[in-house]
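S.K.: what shape does this take:
(chains A, B, C and D)
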4 protein chains.
Amino acid sequence: MQLKRWPRKNDPASIRARQEALALDGLVTSIDLEQFAGAAETVTGVAVIPVSVVPIGIDLGEYELDDTGAVRETGRATETIHVPLAHTEGGLTVSMTRGAKAAGTITTHVLHDRITRASCFVCASAADAIRLAGWLEGELDAMRGWIAASDDPFVSRHAKLREVTTHVVGPMCHVLWAWTTGDAVGPNMMTRNSYLLNMGYVMERAPVKPERAILEANMGGDKKPSYQYFHTGHGKTVIAECTLSDDAIRRILRTSPEDLEALAWVGTNGAVASGMQSVAFTPASAIAAVFTATGQDIGMVGTSSMAHGTGRRVEGGFHCSIRFPGLEVGTVGGGTTLPSAHDWLELIGCAGPGKVYRFAQIVAAAALSLEISASAAMASAGSENFFRAHHERGGLR
Amino acid sequence: MQLKRWPRKNDPASIRARQEALALDGLVTSIDLEQFAGAAETVTGVAVIPVSVVPIGIDLGEYELDDTGAVRETGRATETIHVPLAHTEGGLTVSMTRGAKAAGTITTHVLHDRITRASCFVCASAADAIRLAGWLEGELDAMRGWIAASDDPFVSRHAKLREVTTHVVGPMCHVLWAWTTGDAVGPNMMTRNSYLLNMGYVMERAPVKPERAILEANMGGDKKPSYQYFHTGHGKTVIAECTLSDDAIRRILRTSPEDLEALAWVGTNGAVASGMQSVAFTPASAIAAVFTATGQDIGMVGTSSMAHGTGRRVEGGFHCSIRFPGLEVGTVGGGTTLPSAHDWLELIGCAGPGKVYRFAQIVAAAALSLEISASAAMASAGSENFFRAHHERGGLR
Amino acid sequence: MQLKRWPRKNDPASIRARQEALALDGLVTSIDLEQFAGAAETVTGVAVIPVSVVPIGIDLGEYELDDTGAVRETGRATETIHVPLAHTEGGLTVSMTRGAKAAGTITTHVLHDRITRASCFVCASAADAIRLAGWLEGELDAMRGWIAASDDPFVSRHAKLREVTTHVVGPMCHVLWAWTTGDAVGPNMMTRNSYLLNMGYVMERAPVKPERAILEANMGGDKKPSYQYFHTGHGKTVIAECTLSDDAIRRILRTSPEDLEALAWVGTNGAVASGMQSVAFTPASAIAAVFTATGQDIGMVGTSSMAHGTGRRVEGGFHCSIRFPGLEVGTVGGGTTLPSAHDWLELIGCAGPGKVYRFAQIVAAAALSLEISASAAMASAGSENFFRAHHERGGLR
Amino acid sequence: MQLKRWPRKNDPASIRARQEALALDGLVTSIDLEQFAGAAETVTGVAVIPVSVVPIGIDLGEYELDDTGAVRETGRATETIHVPLAHTEGGLTVSMTRGAKAAGTITTHVLHDRITRASCFVCASAADAIRLAGWLEGELDAMRGWIAASDDPFVSRHAKLREVTTHVVGPMCHVLWAWTTGDAVGPNMMTRNSYLLNMGYVMERAPVKPERAILEANMGGDKKPSYQYFHTGHGKTVIAECTLSDDAIRRILRTSPEDLEALAWVGTNGAVASGMQSVAFTPASAIAAVFTATGQDIGMVGTSSMAHGTGRRVEGGFHCSIRFPGLEVGTVGGGTTLPSAHDWLELIGCAGPGKVYRFAQIVAAAALSLEISASAAMASAGSENFFRAHHERGGLR
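M.R.: You can find the predicted model right below:
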């Protein structure tokens, strides 16, 4: 096929022309694509991924943002949630199920909510960049007012500017625009608003004239893990925790608190030795499975999986927790409105506005459930149970 | 619903019982689940994700492993590949298409192929751990022979032990078992063989008796990014490169070589300032889309997206490249054999044995195509084109 | 000699007893130790290190802290400073001299001033730690007042509490006490005040009772480089910059702007590839030499040497800069009052109160001078001039 | 004073002219500088730093390099060494003394010995860089022979080439020349030999002609901490360990094994949370003090202080250890031959050839002694003992 004749539109004729040109049929062309026509360009077929469901008992907080953009807990209730997992990794579902059972109830907390777009203004010198930075840090209120008063149709009213931080390196003045974005992840809305601030406010009024404005210059934490956002968060910062009883450890997890503690010690030191940023077991497996089922941005699996887990012996059991500094999740916008994604969100009470903190907590609880079970398997003598899980369950691999 | 009555099997009755209990219907239950019954436990429905297709011209190397496990190039040919992308990020597909067009042909290279399972033997002292390490490093040939001679049905013949490296910290002797795993990603097969080595060889014969053997203790690079594997690779190490002509930069990318160079400089310094391991633009978006379409392990999107991109002005154009130290890809095993995944692999000539290096190169070329276009949009004055792409294309968000 | 008889005091008889027991004489015992008796325990002799002097033209800012603890520039003047360097690395002094000459004048800026002691309160659960964190972040003003009103003789009046930040991981509530410490580096004074806050305020009044308070738990950036303080600073954040003219590059540095630019590009990518936090050439050599001459804490050479350098071609020359996020320097307290250290500080107008920002800028300018010259030597064809410097000047090695 | 009249030589008249111009007298000019005239340029005075002495019981290994460059233990003996510390940090000496006493005997091990110079060949494309890398990795034996046969007077016979590793990023082929350098740290000798290899061998014979050769491009680990050398080592890799008895912990360290274990857990997690590469307490304080007394390169304090410590409860006590991946130490060359440095090396039996592994172990044992005591002070209730040490001993600060 000639590149020049490649039809790019999403009308039925173009779709069919592509399918025929590529000789596609069967399952991948069996679904009506019209419902996905707005989601991407040159849509030509589908990927179908099986979805498992795992019941998890979660003590969920209810949260709202106060005027300063701080996350405040307003209530708390325990539910059993049937969490959907789209994946093909044999053993994952059964392992998460076991972990949730051993935990009994997992308690979750939302600590923080911010997402960042980091623009950069290149100046003639560090002196100029420092002068620009000083000016910017004093303009926060004025810039907020300017956005609010704008009648530009590009402005997003959902994205609220919360803080402005600068970082000068050589002649570069990086500006970290920190936003809250409601129930959406927010990259598009904050991109639009940041662009307007850069071009309509900063470039027009700054006391020094930058040579160049760049909308994002890698200090914003976009889709690549970084220490900055491992620390301060990009999206929702969530902690999940539970105490495993000695009995559950023995009966359900088939290991001992001492073995879990030894594993935590060795695994933490192994992560340090390897320059591994996250200290955890396999959070990405859980994050990926929930994200894929629920229409999240799968390109954010790596950043959202940054995790800091802890475990320690306590009276009568073993306390374990996991901290996700930046779960980049949404319950509106993006893929969440599409068929299948929307249905799976609906199943867990997370479709639409006002649900994003609930959803973030469910993701964290699912990940902790898997951590518990996988750790227990690894902690057994010689990690025999981990080996067996790979042998028996990993049949497709 | 009571947790105790939750049916766990994948027979039609159990599946139906779960679907009814959860009140699921519509698209998510519209597909026959029997074909996915072996892929995961408690399968209850499906996720359906639209797949776009992007034509990319690639100069692909042909490779084989020599006896030492080194990757050797045996040939090279240029093809147009129609790369499938499963995602719902408006603008991604059209952007990758533009980047591929600007590139003309992208040249790809496979440099290295290894995957690691890192076990840990906890000893009584560092002295013992050092003694164990010294012994282990001398046993490579004997251990290879022992595996080859084993009649244990758990042994994988596809996973070949290539090197053994140790890392002693305190009383812990970490052992990095480095494998090649044929056309599979290999976590299951190397896990089985590593377990057998640990328990059948090391624990039986070592000159010191370890207190404890742990099959993986976070030095193996499993699903969490680390500096160790950013450097040495986990999976296939691949570089993609091309030179953009001045004309293509102007006409197709609507920017200039000078602007691309300025962006590269600022973005690299932004990454450094932010403690961002990868220096690149948005490789995870491309990796995630190809992985999701082709049945790869989505939990490996974060690690496989570790990337080191470069760009510089050259005579008549702009040279750009991206290095993926560890693409964890397979063309056999795991999700690759399932419907839809298999079809999309087939489309690009990557289904089944003997195709893994081809596939790894296609992934890298797709990612570089997106890097080119996204960088060009960001490099335009004020990053206006990047803003416009988010505004116009990102409609679903 | 028997350990039990080892005399530990610093009176003349004990000193002499130690010197005789160890059979020390000559230069190491030739200096009267009485003047050092308060500096360390069991003082037994001296180390004598030669000090070179390098003239550097610096455009120095004058700075003061405003009420919020922000650094404000109040003036600026250019001086030639004769910077003392204690070291034995052949070539270092002559190289820094050459760099300063090529630069003509180096402009320096102080951006920020904070030092941190990070305590940790271990609670029963993450829930409790989060509750404690929420309470702590609201107590800043009250805690400031409490310290001010304290009549505890341990309280330092020089250490001013500026911000309180928390970081919860599992049941641990880390608290980052951010201080300014006047003209001292400040570890002792902030340690005393942080202890009093921990035990007298937090443990007495917190809404949850922590199990354990630890005065510093590695989030404070103490003597070990970290990404947190590479970003936010620990001590004085300083940038030094200059533009090398084409003529100076050719005549004095014997290279070209193009070669300097190529080196910067390759060196930055090499640092990224190697997981090297700092992007720079050899800042530690300069920092170490000035610190050793002037009685700074040599154990802080590693953290103070964290650096982010930049270089780029500009019209008529090459702009270069270096950012030190955390110069841990003092002009009062510690070793600065001792003979020789005090004299060398006096030489550069930095002995005593009110001089610490001046001193921090001189350190940064010295480091940039060395960066310029060493880079130029490395940028020459094949790095021949770098090789020659090591061959001809490094005679002692 | 005019810059143009600044006398640069080290003859007595020039020295005196500088001293007079700068109005220096007293202690800094009291020492005859002729003995330092070869150590640095424009020597003008001295820095005098008090030296304390701490007795430490060490079980030292004896080591030699085998033909492959591996470190082999040939014997072992226990000695009390009186370790010299040049510093002015009140409390450091007494704390290290206490730690050594609590330890009784510290056992040390040398694991590895390599130092690296990483050159970079910039090629026209990644394809060329990969071709160059493939060729280089096959030339090791030939390059060794070429150096051995060279009659170039610049060649160092002490620096032996052990391995050649390449790392390709874009068009850059980084080459890691790994050396052993006898009893010297080795930067000068490996620089000379690497230059000769680059220009005399690679540039003359390579199958592709590089555009540019750079002698060091930041993958060599030179004076800036990096993950690569935190893992693989730069200089001598040494582990020191001991088991503290319950009795010593109680009587000498005035804390408990449980408190030490809790501190280790919190401190490790704090380091992870902060993006702190090293997991340890204050190794740089000890490294700096021994380096300053013994004429080591103080600019290497930061890299040599990279450390990975461990601690865990064991039967009857608490096991603790510290791993230094890269102690950059020498007993010949550099500042080691100068007065005072040589005397202090002599005191510990480390002056001259054949002593470098002994010296590296003493440095590690000194650092572990300080770690033990400082940790114990921090582990006491509320870290009261740490606070008291800063209050009572840190008088000069």
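S.K.: does the host helix or strand of A:Y357 reach chain C?
M.R.: According to DSSP states H and E, A:Y357 maps onto helix A:356-379. No. Helix A:356-379 does not reach chain C (C-beta under 8 Å from any C-beta of the partner chain); its nearest approach is 11.0 Å. (C-beta placed from N, C-alpha, C; glycine too.)
S.K.: now do the helices in the stretch 151-300 of chain A.
M.R.: Secondary structure of the stretch 151-300 of chain A by DSSP state H, counting those that start in this stretch: the helices cover A:187-196, A:203-205, A:227-232, A:246-251, A:257-273, A:283-294.
S.K.: tell me which of those helices is the most buried.
M.R.: helix A:283-294 (a mean of 31; mean count of other C-beta atoms under 10 Å in any protein chain shown).
S.K.: where does the closest residue to A:R18 other than its chain neighbours sit: helix, strand or coil?
M.R.: Leaving aside its chain neighbours, A:R18 sits nearest to A:T44 (4.6 Å; criterion: C-beta to C-beta, 6 or more residues apart in numbering or on different chains). Three-state assignment for A:T44 (DSSP: H, G, I helix; E, B strand; the rest coil): strand.
S.K.: ok so, going back, from the contact counts, what lies against whichever helix or strand comes after the helix holding A:Y357?
M.R.: On the C-terminal side of helix A:356-379, the closest following helix or strand by DSSP H and E is helix A:384-388. Helix A:384-388 is packed against helix A:356-379, helix B:187-196, with contacts defined by 3 or more C-beta pairs under 8 Å, 6 or more residues apart in numbering or on different chains; DSSP states H and E.
S.K.: near chain C at all, stretch A:67-75?
M.R.: No. Stretch A:67-75 does not reach chain C (C-beta under 8 Å from any C-beta); its nearest approach is 8.7 Å.
S.K.: A:M300 and C:G220, how far apart?
M.R.: To C:G220, A:M300 is 31 Å away according to C-beta to C-beta, to the nearest Å.
S.K.: more neighbours, those two?
M.R.: Neighbours were counted for A:M300 and for C:G220 using other C-beta atoms under 10 Å in any protein chain shown; C:G220 has more, 31 against 26.
S.K.: C:R117 is in contact with that one, correct?
M.R.: Yes. C:G220 is within contact range of C:R117, at 5.0 Å (criterion: C-beta atoms under 8 Å).
S.K.: find the closest residue to chain C in the stretch 51-200 of chain A.
M.R.: A:G170 (3.2 Å; C-beta to the nearest C-beta).
S.K.: mind listing what the residue of the stretch 51-200 of chain A found nearest chain D touches?
M.R.: In the stretch 51-200 of chain A, the residue that lies nearest chain D is A:L111 (13.2 Å; C-beta to the nearest C-beta). Counting by C-beta atoms under 8 Å, 6 or more residues apart in numbering or on different chains, A:L111 touches A:71, A:233, A:237-239, C:130, C:133, C:168.
S.K.: make JSON lines out of these and add distance to D:V329.
M.R.: Below are those laid out as JSON lines (distance: C-beta to C-beta, whole Å):
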{"residue": "A:V71", "distance to D:V329": "51"}
{"residue": "A:G233", "distance to D:V329": "41"}
{"residue": "A:T237", "distance to D:V329": "43"}
{"residue": "A:V238", "distance to D:V329": "46"}
{"residue": "A:I239", "distance to D:V329": "43"}
{"residue": "C:I130", "distance to D:V329": "46"}
{"residue": "C:A133", "distance to D:V329": "43"}
{"residue": "C:V168", "distance to D:V329": "41"}
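S.K.: just the ones of these in strands?
M.R.: Using DSSP state E, the subset of these located in strands is A:71, A:237-239, C:168.
S.K.: wait, which of those is closest to C:P187?
M.R.: C:V168 (25.2 Å; C-beta to C-beta).
S.K.: give me the number of residues near the closest residue in space to A:G270 that isn't next to it in sequence?
M.R.: Excluding the flanking residues, the one nearest A:G270 by C-beta to C-beta, 6+ apart is B:N218, at 3.4 Å. The number of residues packed around B:N218, counting by other C-beta under 10 Å, is 26.
S.K.: now B:N218: how far from chain C?
M.R.: Relative to chain C, B:N218 is positioned 16 Å away (C-beta to the nearest C-beta, to the nearest Å).
S.K.: thinking again about what came up before, the helix holding A:Y357 vs helix A:283-294, what angle?
M.R.: 140 degrees (axes from the mean of the first three to the mean of the last three C-alpha atoms, to 10 degrees).
S.K.: helix A:356-379 close to chain B?
M.R.: Yes. Contact of helix A:356-379 with chain B (C-beta under 8 Å from any C-beta) involves A:378-379.
S.K.: report the backbone C-alpha coordinates of that helix in CSV.
M.R.: Only the C-alpha atoms of helix A:356-379 are listed here, as CSV (Å, rounded to 0.1, in the frame of the first residue of the first chain):
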residue,chain,number,x,y,z
VAL,A,356,-12.0,11.0,41.7
TYR,A,357,-10.8,10.8,45.3
ARG,A,358,-12.9,7.6,45.8
PHE,A,359,-11.4,6.2,42.6
ALA,A,360,-7.8,7.1,43.6
GLN,A,361,-8.3,5.3,46.9
ILE,A,362,-9.6,2.1,45.2
VAL,A,363,-6.6,2.0,43.0
ALA,A,364,-4.3,2.3,46.0
ALA,A,365,-6.2,-0.4,47.9
ALA,A,366,-6.0,-2.8,44.9
ALA,A,367,-2.3,-2.2,44.7
LEU,A,368,-1.8,-2.9,48.4
SER,A,369,-3.8,-6.1,48.2
LEU,A,370,-1.5,-7.4,45.5
GLU,A,371,1.6,-6.2,47.4
ILE,A,372,0.5,-8.2,50.4
SER,A,373,0.0,-11.4,48.6
ALA,A,374,3.0,-11.2,46.3
SER,A,375,5.2,-10.4,49.3
ALA,A,376,3.9,-13.3,51.2
ALA,A,377,4.6,-15.6,48.4
MET,A,378,8.1,-14.2,48.1
ALA,A,379,8.7,-14.4,51.9
